[in-house]
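Enquirer: whatever this is, show me its structure:
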Amino acid sequence: MALPQFRTSNGVILCSSVALWFLALGRAGFAVNHMDIAPRYTGIVMGVSNTAGTLAGIIGVDLTGKLLEASKLVYSDLSHQ
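Expert: Here you go, the predicted structure:
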């Protein structure tokens, strides 16, 4: 979202680098947690938690669409609030 604000390629590269650094930082904390909880079954625990997160993302998007459709809200109504 911040990339259009930069006028030079150096700013874009800096912004992208910082974003990727934060992504790696969060991912490192996430992966280590599974190793702490179940060292022998890290792969299985990681797979189960990733599946739960993916299903929540899929169901959440679908449920949000159905709720908005049921309440007769239009995208333009949401953007003007």
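
Enquirer: tell me what the strand or helix carrying G53 is packed against?
Expert: Element membership for G53 (DSSP states H and E) is helix 42-70. Counting contacts by 3 or more Cβ pairs under 8 Å, 6 or more residues apart in numbering; DSSP states H and E, helix 42-70 is packed against helix 9-37. (Each C-beta comes from the backbone N, C-alpha and C, glycine too.)

Enquirer: can you pull the buried residues of the helix it packs on?
Expert: Buried residues in helix 9-37, counted by 16 or more other Cβ atoms under 10 Å: H34.

Enquirer: do you know the pLDDT at the residue positioned nearest the centre of the chain?
Expert: The centre of the chain sits closest to G57, judged by Cα atoms, centre = their mean, with a distance of 9.0 Å. Looking at G57, its pLDDT is 93.

Enquirer: same deal with A38?
Expert: What the model reports for A38 is a pLDDT of 89.
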